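Undergrad: coordinates only, sequence not included:
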Ligand code: 5RP
């Protein structure tokens, strides 16, 4: 089965968790795009969506799904998003699509976080996928030096990419993250870091791995 087919199956399976009247938190990426397309088929059953990126907002609106402001909705029942890596404890690396900060905000605001992935995202230990860190532009070099000193990982500036929040991304290579909660906490302390693409303190609650049939973990 192709990776895209796995993503489609994971995205469509997540619809089983959508209940009538819900405001659904929506992540970002190619797997989420399949979820949004499936959500469009049940759009009359939901009260709207909260979006984690301009990209997802555009897709939701193109289907006629209302996009709401998180400040107005309060806590959400459900958040559905993809991931770049997922460990056996449902801790994640995210941010391959540079939307990590808004994704983290919505994950925090949601009672249930469903992560939809294709099987190659499953790893025993996080860190093979370069860890995205969103930084305030003026702090880029400072944060890179601190991350190198603290972790030994090699931060690489994602040149040419500006996030929806007007910031920049460092991708940290060559990590093996055995204690993701500690790494998330420590990197978050560096002045200039906006957010770290580790979802360990607030991991996913349910992981759907695309396949025939999809696996629910
Ligand atoms: C965006 C993300 C995505 O969820 C992650 O990059 C996975 O993307 P895809 O579903 O395209 O493989 O974190 O910031």
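TA: Cool, the structure landed. In this text, all values refer to a predicted model and were calculated from it rather than measured experimentally.

Undergrad: And for residue 47, the neighbour number?
TA: Other residues lying near residue 47 total 12 when counted by other CB atoms under 10 Å. Using the backbone N, CA and C atoms, a C-beta is placed for each residue, glycine as well.

Undergrad: hey, where'd the helices end up in the chain?
TA: Under the criterion DSSP state H, the chain contains helices at 3-13, 30-40, 54-62, 70-73, 100-108, 140-151, 180-188.

Undergrad: domain ranges for this protein?
TA: Domain ranges of the chain: 3-123+202-216, 131-197, per automatic domain parsing.

Undergrad: Could you say which of the ones you listed is packed most deeply?
TA: domain 3-123+202-216 (a mean of 20; mean count of other CB atoms under 10 Å).

Undergrad: next one: that one to chain centre, how far?
TA: Centre-to-centre, domain 3-123+202-216 and its host chain are 8 Å apart (CA atoms, centre = their mean, to the nearest Å).

Undergrad: Likewise for stretch 141-161?
TA: Between the centre of stretch 141-161 and the centre of its chain there are 20 Å (CA atoms, centre = their mean).

Undergrad: okay if I get the helices of the chain as CSV plus mean pLDDT and distance to residue 133?
TA: Below are the helices of the chain laid out as CSV (pLDDT from 0 to 100; distance: least, CB to CB, whole Å):
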stretch, mean pLDDT, distance to residue 133
helix 3-13, 98, 25
helix 30-40, 98, 21
helix 54-62, 98, 20
helix 70-73, 98, 22
helix 100-108, 98, 8
helix 140-151, 98, 7
helix 180-188, 98, 6
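
Undergrad: in this protein, which spans are strands?
TA: Taking DSSP state E as the test, the strands found in the chain are 23-26, 48-51, 76-81, 85-86, 92-93, 110-117, 131-135, 154-157, 168-173, 193-196, 198-199, 206-209, 215-216.
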